[in-house]
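Engineer: fold the stuff below for me.
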Amino acid sequence: CPWLIFYSITVRIGHSLNEAEKNHVTSRRESVLECLKRHEIHCSLVKMPNIALVASGGSERAMLGLLGSLLALFQDDLLDCVLYLAGLSGSTWCMVSLYKEPNWSSKLEKVKEDIQNKLGGNISFKEKCKKLKRYYREKDNFSLTDFWAVLYITMIVKEIDEQTFSDLRSKQSTKDPYPIYTVIDKQSHEDKLDADTFVEITPHETGYSIPGAFVDTSSFGSQFDQGAQIKDQPEMDMMFLQGELKQHISWSSVYFVDIVIRGVRKASLISYFLMLIRRKGPIMFCNHSLNIGNRIWENIAKCIELVVCWVWGTTYNFLHNMTAAEVSPSVCGETIRQYVDAGIAINSPFLPLLRRERHIDLIVSLDFSENDPFESLTETAKMCKRLHIDFPEVPKMSKEEKSAPKDFYVFEGHNAPAVIHIPLFNIVNCDDKGNPNMNAHKCPYSSDLIEELLEKAGLNIKNNKRSLLTEIKKIIQRKQSHICSFC
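Structural biologist: Numbers count the residues shown, from 1 in each chain. Got it, this is the predicted structure:
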């Protein structure tokens, strides 16, 4: 198309890391090396292990669990050993708060206090409606994710965060671990396209981790054709990111529509709308509602339509009409895609860290799951086997082990990164009582419960400091042996 010459090609197809990530990681590795030396672990940059910390989903429990774990790592002078920090779903709520603060990893106790103070606040319904109206007015692809972000996420994080990744790039410090947020392509997941399922969002690029197809994060959501950006959309802000990263995709989540309804308290009109939706269908219902003259009811009408059609995470497809050898043609053929909570597929963000170009040697897995604390591991192992990606084998765990796990597991495999797995609730920090039933969906938590969660998560790190350092030493010894074998 001749008109494409007016636009620069912004989609990148390839497996290499973008230059900004390379530069960040190169600088961060110096901090890791110094941290190891403080623990009397001496090695060169060549033999130094690349360590990634991955945090599972679990709503507010995951948010606070990650915060408590990071705080303990900071207090034990282990946080600077971490090169990458990856999260999905609820754990990313913590990450979003952290990375707003430049050089947060050197002042985590203060950042923790700021987050706790924020959690004690509140967002007025008027503020939420104002933000919702802005999303509705400015975006082509308005979906349930916008509602979810504004009406539910704000109940937990107590903040409407309008900063974008472009805003945060200037604050990003190479003294902090490099962040990776994870979502999934909903259609690819439903079509069982494993390679095209996991999508990573970093401060610099967003894209499909395994096949290698990326776009600048500031342009993620804009409209593309044949690799060229043809229409701008508002850059994704942190509020929307948190909504996209956490959705309970079940009919129980329809309760957040009731939040809107109770907020405006006009039950008779609600009954009238519900009668209309049964008679006219969602689209005609929404069109009819526009004649009422009240903008809030237009939003409510759109909300109910989206619930009926169950439309989440709608975003322009940056791969539209492209040919990418390792990406399924069905992905490239669509104008829009739906990007949703990655916990729907696997509740821990291992896949982005398994890109070979990131050269990860050790993954510390923090699991905040509500039920089986090993499910994310076993599902990752199965997917990696299908995709021919090296990952340790995970033995089948007994029912007893799942209900009362230990606080520290190590899984190893040939050519695969070692994985340390730490369930949040275990027989050590819960005194043989197991999970104290901190339900992920009973949010927001009280101040007492927040403190308890922070303490439980921190104990898992403090109780295993020596074991963590032992595993790091083993990685260095293996790298040394591998290098010597080629001498």
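Engineer: and residue 463, what are its phi and psi?
Structural biologist: For residue 463, the backbone dihedrals are phi -70, psi -20 (criterion: degrees, to the nearest 10).
Engineer: just the pLDDT for it.
Structural biologist: At residue 463, the model reports a pLDDT of 97.
Engineer: from residue 172, how far off is it?
Structural biologist: Taken as Cβ to Cβ, to the nearest Å, the spacing of residue 463 relative to residue 172 amounts to 32 Å. From N, CA and C alone the C-beta is placed, and that goes for glycine too.
Engineer: can you count the residues close to residue 117?
Structural biologist: The criterion is other Cβ atoms under 10 Å. On that basis, residue 117 has 10 neighbouring residues.
Engineer: err, residue 395, not the other one
Structural biologist: Using other Cβ under 10 Å: residue 395 sits among 13 other residues.
Engineer: low-confidence stretches in this structure?
Structural biologist: Applying pLDDT under 70 to the predicted model, the residue ranges of the chain that meet it are 1-9, 244-312, 431-443, 482-487.
Engineer: any idea which strand is longest in it?
Structural biologist: Counting by DSSP state E, the longest strand found in the chain is strand 178-185.
Engineer: following that strand, which helix or strand comes up?
Structural biologist: Towards the C-terminus, the helix or strand next in line after strand 178-185, according to DSSP states H and E, is helix 186-190.
Engineer: and that following helix, how far from the chain's centre?
Structural biologist: Helix 186-190 has its C-alpha centroid displaced from the chain centroid by 17 Å (Cα atoms, centre = their mean, to the nearest Å).
Engineer: can you show me the strands along the stretch 101-250 of the chain?
Structural biologist: Taking DSSP state E, counting those that start in this stretch, the strands of the stretch 101-250 of the chain run over residues 178-185, 198-201, 205-208, 213-216, 223-225, 228-231.
Engineer: quick one: which of those strands is nearest residue 348?
Structural biologist: Evaluated over the strands of the stretch 101-250 of the chain, closeness to residue 348 peaks at strand 178-185, with 8.9 Å, by Cβ to Cβ.
Engineer: what is that closest one packed up against?
Structural biologist: Other helices and strands packing on strand 178-185, by 3 or more Cβ pairs under 8 Å, 6 or more residues apart in numbering; DSSP states H and E, are helix 19-38, strand 84-88, helix 91-98, strand 198-201, helix 238-245, strand 336-341, helix 350-353.
Engineer: outside of the first one, which residues touch it?
Structural biologist: Counting by Cβ atoms under 8 Å, 6 or more residues apart in numbering, the neighbours of helix 19-38 from elsewhere in the structure are 17, 42-43, 45, 48, 50-51, 77-84, 172, 174-178, 202-205, 472.
Engineer: and if you look at the third one?
Structural biologist: Outside helix 91-98, the residues within contact range by Cβ under 8 Å, 6+ apart are 55-58, 60, 62-67, 70, 85, 87, 104, 111, 115, 118, 153, 156-157, 161, 176, 179, 181-182, 238, 241-242, 245-246, 366, 368.
Engineer: same question, the last one
Structural biologist: Surrounding helix 350-353, the residues in contact under the criterion Cβ under 8 Å, 6+ apart are 52, 54, 84, 86, 180, 182, 197-198, 200, 209-210, 358, 360, 363, 365, 376, 380, 383, 391, 417.
Engineer: quick check: next helix or strand after that helix?
Structural biologist: On the C-terminal side of helix 350-353, the nearest following helix or strand under DSSP H and E is strand 362-367.
Engineer: quick one on the thing from earlier: list buried residues within the contacts of helix 19-38.
Structural biologist: 17, 43, 48, 50-51, 78-84, 172, 174-178, 202-205, 472 (16 or more other Cβ atoms under 10 Å).
Engineer: neighbours of the nearest residue to residue 220 once chain neighbours are set aside, how many?
Structural biologist: Among residues not flanking residue 220 along the chain, residue 206 sits closest, at 4.3 Å (Cβ to Cβ, 6 or more residues apart in numbering). Burial of residue 206, expressed as a neighbour count using other Cβ under 10 Å, amounts to 25.
Engineer: now do residue 140 against residue 10, distance only.
Structural biologist: Remark: distance between residue 140 and residue 10 (Cβ to Cβ) = 18 Å.
Engineer: ah, wrong one, I meant residue 329
Structural biologist: Counting by Cβ to Cβ, the gap from residue 329 to residue 10 is 21 Å.
Engineer: could you do residue 36 as well?
Structural biologist: 38 Å.
Engineer: which of these two has more neighbours?
Structural biologist: Legend: neighbour count by other Cβ under 10 Å for residue 36 and residue 10, higher for residue 36 (22 against 16).
Engineer: identify the residues contacting residue 122.
Structural biologist: If you count contacts by Cβ under 8 Å, 6+ apart, then residue 122 has residue 158 around it.
Engineer: got phi/psi on it?
Structural biologist: For residue 122, the backbone dihedrals (degrees, to the nearest 10) come out as phi -160, psi 150.
Engineer: count of neighbours near the residue lying closest to residue 342 once chain neighbours are set aside?
Structural biologist: The spatial neighbour of residue 342 that comes closest, neighbours along the chain excluded (Cβ to Cβ, 6+ apart), is residue 88 at 4.1 Å. Applying other Cβ under 10 Å, we find 35 other residues in the vicinity of residue 88.
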